[in-house]
Each structure stands twice: as structure tokens, then as C-alpha cells.
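**Q** need the 3D shape of this:
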Amino acid sequence: MTPDIMVPLVLPLAAWPVARFVAPRLPPQAASWLLTGSCLVLAAGSTAALALLALAGLPQVPFVAAVGHLSPQTFREQEGVGIPVSIAAGIALIALTGLLARTVIRYLRWTRRLTRELDAHDGHRDGEVLVLAGAEPLAFAAPGRGGRIVVSSGMLAALHPDERRALLAHERAHLASRHHLFLVALTGASTLNPLLRPLATATGFALERWADETAAHHVGDRTVVAHAVAKAALAGQPQHGFALAATSGPVPRRVSALLNNPAGHQTPARVPTALLSALVLGITVLSAQTALDSAADLHDGIEQAQGTTANRVAAATDADRAGHRPRLRQDQVRLK
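**A** Numbering: from 1, shown residues only. Presented below is the predicted three-dimensional model:
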């Protein structure tokens, strides 16, 4: 196994500059798809690298080597991975897997609890919009049951009719584009590799910008959407857990993006966008390719170690047979 196995572990460090300089310069929808896919591949690459490093230590254990019929010394010389490194990688892999399992359990419990609570108020549902009685301003999109938009009477009272329409269009965009699946993927990737959290945060902002732009297209007035987002954020509280809401993310930046392009005709330059996208794709492909190459190297090392053992056994067997043949002949001569 070559030192390239460290590449998938190091590449997630590029998440910060990508989130800082690349993500804001990409169109929201393209950024959401590109960065979410990159997060998943980078997380898979780093996890695979840890797994390969951990597995590289097993053939060096005498019992495992005996069961696999391979030479620990030959394998160690081929792979160059010591047992302490393998143990550290195994501990990190177990810890991250445990964190991922805990996150999945939390998400399932949150979904079950939210669905149960919303089902209790389903009588106040008008189509996909569920209006909750209460003065506390509240608005978010909830997956499950075909998707529901939850809004409180307090939030509706804080907005003008056009702003209400913009707010509902924003939440409807979350449901229509299945942004909750993006959020689940980002949460899982950043759990497996905490270095990806800046990239996951930037992608979450892109998702909100995507919904903002969809709402602006539906309403036909970017200023109204900006006012709705700002007033909803000032009136309500940020949503916690896995909910998608108009009050999520850096609201001032979202409002600024809506107001600074009132006509909606300005589009990012194609060449810089293509170059930035190619940069992100290049980092992602390099991580995946290196992990695959390292897996192939580990497989080759195991085969070579098994081949060395087989050759030694064959040589010992031949030597043993060669040593016994003359004795048999002498015994036969004596008998004659």
C-alpha cells in the first residue's frame, strides 16, 4: 500500500476553501448538487481509507495470517503499514461509525416524533399546509405523509398577504426539490468526517438560496421574498433538528443576494463557473480514485503474501520428498 492512502484523509481539508471561495460563486441549484455529491464521495473516501488501514493490520496478526495462509513478514514489507497505525485507524473508524449510527437513530426518532405531533393537528390541514394555532411565529417544511408545510397563526399574522405567499412558496420549494434528502446526506457525510462540516454548512446555505430563487420565480418579486425571509427570521426562532425553514442559514446574506439582483437577469459567468465546478469535481474524483487504488494494492499485497507462503510450503514439501527418496532406495538395497 503506497503513501497515497493518506490522500483521501487529507483532501477533506479542502472543504474550507471550497466552502469559502467556490460555493458562493456557483448557482444555488448547481452548488447544492455538486457540493452534496462531493461531501458524500469525500466522506466515503476517507472512511474507506481508514478501513483499508485498519484491515492492513489484520494479516500481520499471527492467528489471522495462519488462517489466511499468508506470510506476515512479506505482507508487512509489501504494505509498509505498522500495527499501531492500523489500530489507530480502527479506533477512529469504530468511533465515527458509532457517531453515524447515533445520528441515524436521532433522525429516525425526530421524524417519528414530528410525524406523530403533526398527525394530532391534521384536522387543521389545508392541502399541504398545516396551520397551527399559537402566537409563536413558526414555519418549516416537514417530510413524510407526502410532505407538509407547517406554519403558525402567529407567523401568518406577522406577514402581509404577498409575504405569506412568498414564505409558503419557499417552503413548498423545499418539499418539491426534496431538500430534506440533501440535508440527511450532508449530515451523514459531516458525521463520518468532521472536516467536511464547513462544506456541509455552505451546501445548506445553497439549499436555502435555491428555495429563495424558486420562490422569487413563483411570486415574481424578489423584494417581496427578501422581506418575507427577513421578517420571518426576525419574528421566529431558528429551527433546530432536521427541519428546513425560511429562517435557516445566514439570513442577511440570503436577503442581500435577493435584493442585489432585483431584475433576476444577472447570471454567473459560464467560464468561472465551469472552472470552479471542475476544481471541485477534480478533488472528488482524486479522493475516490486513490481509495480504489489503495484497495487494489491491499488485495495485491495479500495475494503476494499468500503466494510467498505457498512457495515456502511447496519448497519444504519438495525438499522433504527429495530427502526421503534416497533413504527408501538404501532400504530397498539392504533388503535385497
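**Q** please make it C-alpha for all contacts and neighbour counts, starting now.
**A** Fine.
**Q** okay, now the unreliable bits of the stretch 101-250 of the chain?
**A** Screening the stretch 101-250 of the chain residue by residue with the criterion pLDDT under 70, one finds the ranges 236-241.
**Q** please, where are all the helices along it?
**A** Listed in chain order, the helices of the stretch 101-250 of the chain (DSSP state H, counting those that start in this stretch) span 153-157, 161-176, 179-192, 197-219, 222-235.
**Q** out of these, which is closest to Pro12?
**A** For these, distance to Pro12 was read as C-alpha to C-alpha. The smallest value, 9.1 Å, belongs to helix 197-219.
**Q** which residues sit against the closest one?
**A** Helix 197-219 is contacted by residues 15-16, 18-20, 23, 28-29, 31-32, 35-36, 39, 165-167, 169-171, 173-174, 179, 183, 186-187, 190, 222, 224-225, 246, 248-250, 254, 258 when judged by C-alpha atoms under 8 Å, 6 or more residues apart in numbering.
**Q** now a PyMOL select for only the buried ones of those.
**A** Per 16 or more other C-alpha atoms under 10 Å, the buried members of the contacts of helix 197-219 correspond to this PyMOL selection:
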select buried, resi 15+16+18+19+23+28+29+31+32+35+36+39+165+166+167+169+170+171+173+174+179+183+186+187+190+222+224+225+246+248+249+254+258
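**Q** returning to what we had before: what's the closest of the helices of the stretch 101-250 of the chain to Leu138?
**A** For these, distance to Leu138 was read as C-alpha to C-alpha. The smallest value, 5.6 Å, belongs to helix 153-157.
**Q** touching that closest one from outside, list them.
**A** Residues from elsewhere that reach helix 153-157 (C-alpha under 8 Å, 6+ apart): 131-139, 164, 232, 235-236.
**Q** try 7 Å this time
**A** In this structure, residues lying in contact with helix 153-157 by C-alpha atoms under 7 Å, 6 or more residues apart in numbering are 131-138, 164.
**Q** repeat that for stretch 165-182.
**A** 36, 140-141, 143, 147, 149, 207, 211-212, 214-215, 219, 224-225, 228, 245-246.
**Q** re the thing from before, of all the helices of the stretch 101-250 of the chain, which one is nearest Thr47?
**A** Taking C-alpha to C-alpha as the measure, the helices of the stretch 101-250 of the chain were each checked against Thr47, and helix 179-192 came out nearest at 7.1 Å.
**Q** what about the closest one, distance to the chain center?
**A** Here helix 179-192 is found 6 Å from its chain centre; the criterion is C-alpha atoms, centre = their mean, to the nearest Å.
**Q** any buried residues in stretch 133-145, and which?
**A** In stretch 133-145, the ones that count as buried by 16+ other C-alpha under 10 Å are 137-143.
**Q** got it, and stretch 216-228?
**A** 216, 218-219, 221-228.
**Q** equivalent analysis for stretch 42-62, please.
**A** Within stretch 42-62, the residues that count as buried by 16+ other C-alpha under 10 Å are 42-60.
**Q** again, but for stretch 88-102
**A** Buried residues in stretch 88-102, counting neighbours by 16+ other C-alpha under 10 Å, are found at 89-90, 92-93, 96, 100.
**Q** identify the farthest-apart pair in these.
**A** The two members of the buried residues of stretch 88-102 with the most space between them (C-alpha to C-alpha) are Ala89 and Leu100, at 16.4 Å.
**Q** Arg148: what's it in contact with?
**A** Applying C-alpha under 7 Å, 6+ apart, one finds that Arg148 lies in contact with 128-130, 141-142.
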